[in-house]
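Trainee: I would like to see how this sequence folds:
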Amino acid sequence: MTILVTGATGTVGRHVVDQLIRRGQKVRALTRNPLQANFPADVEVVAGDLSDPSTLDSALVGVSGMHLITTGAEYTPLQTGPELVELAVKAGVRRVTVLWNGEKGPFERAVEASELEWTQLQAFEFMANARKWADSIRSEGLVRDLFGGARIAPVHEADIGRVAAVALTTDGHAGKIFTLTGPESLSVQDKVRIIGEVIGRDIRFVESSEEEEREQMRRMGVQEDAIDYVIRWHLNPPKSAHTVLSTVEEVTGHKPYTFAEWVKMNAGYFM
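Mentor: Next comes the predicted model:
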C-alpha cells in the first residue's frame, strides 16, 4: 500500500518517512517545495499544500494510509481539517495518524467523527526544539531562555516517527490517543548541562525576559497567537507534560532515546 506523509520535510515528518521505509512501505512525501525535499530515490515526492485541499487530488490517488499534521506555514493551526478528511475518505484512505498538540480543534474533531481508523500522537515537546539555542551556544557559549526551571519530558522525533509507522502499518491502534515522552523529565538547565557534557564545552544559562523570548520566536516565524500560547503553557506546564510515560516502548518495543543520545546525533548544530 502507499502511505502519504504530510509535512514530510518537517522535524517529525522526515522520521515518519524514514521509519516507514525501514518497514518496507511505499511512501509518498507531500511538501510545498518538492525540489528541496532531498529524500531517497525510492520515496515519491509530490507537491501539495494542506491549507489548499484542491492541491491534493493527485497526491491521494492510491493512498491507503496517511500521516497528518494539524499546523501549516508559520505554525498556524490548519482550518482545512474537515475538507482534508472528506478528501481522504473519498480517495479510499483507511488508516491515519494525526500529530497534534493536545488542543482539540476542528481538525481533530473531523478526524474523530470520520470513518477513518485514526490514531492521535501527542508530544508535549520535541527534543529538536533545543536547536533554537544553537547560534548562541556556538557564538557565545550560552543559552538564553525564559523557562529555565520548567520541567518537561521531551521526546525524540525519531521515536514519534517509529510510533507513527507502527500505527500506520499494524492493527490494534485505531481510536487511540498516544501521549509520547522521552525517558526523562528535564528542565532547560538540565538540557543545557547535557549539551555541554556531550560537546565538551562549558555552557552558561542566562534567564531571558519574556520580550526577549517573544522576539526569538518571531525570528523563527512563529505567529503572535502561537507565541502567546507557548509562553503561557511553558510558564505553567501541566503535570502531564513532565510525567514520563512508557508509551513509546509499549507501542514499538524499543526504549525511547534519551536527550543525551539526541544531542550526540545532532552535535553539529552546537559546534
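Trainee: contacts and neighbour counts: CA atoms only from here.
Mentor: Noted.
Trainee: for the residue located most distally from the centre of the chain, give me its contacts.
Mentor: Distance to the chain centre peaks in the chain at residue 202, reaching 29.2 Å (criterion: C-alpha atoms, centre = their mean). Remark: with contacts taken as C-alpha atoms under 8 Å, 6 or more residues apart in numbering, residue 202 is in contact with 141, 196.
Trainee: swap in residue 138?
Mentor: Residues counted as contacts of residue 138 (C-alpha under 8 Å, 6+ apart) are 270-271.
Trainee: state the mean pLDDT of the helix or strand harbouring it.
Mentor: Element membership for residue 138, per DSSP states H and E: helix 134-140. Mean pLDDT, computed over helix 134-140, is 96.
Trainee: after that helix, which helix or strand is next? Please name it.
Mentor: Of the helices and strands lying after helix 134-140 in sequence (DSSP H and E), the nearest is strand 142-145.
Trainee: now residue 26: how far from residue 84?
Mentor: Using C-alpha to C-alpha, to the nearest Å, we find residue 26 at a distance of 21 Å from residue 84.
Trainee: quick one, which of these two is more surrounded?
Mentor: For residue 26 versus residue 84, the count of surrounding residues by other C-alpha atoms under 10 Å is larger for residue 84: 21 against 16.
Trainee: so what secondary structure elements neighbour the host helix or strand of that one?
Mentor: Assigned by DSSP H and E, residue 84 belongs to helix 81-91. If you count contacts as 3 or more C-alpha pairs under 8 Å, 6 or more residues apart in numbering; DSSP states H and E, helix 81-91 packs onto helix 106-113.
Trainee: quick one: the helix it packs on to helix 81-91, angle?
Mentor: With axes from the mean of the first three to the mean of the last three C-alpha atoms, to 10 degrees applied, the angle from helix 106-113 to helix 81-91 works out at 40 degrees.
Trainee: can you name the element that comes right after helix 106-113?
Mentor: strand 117-123.
Trainee: so what are the sheet partners of that following strand and their directions?
Mentor: Paired neighbours of strand 117-123 in the sheet (DSSP bridges): strand 95-100 (parallel), strand 176-180 (parallel).
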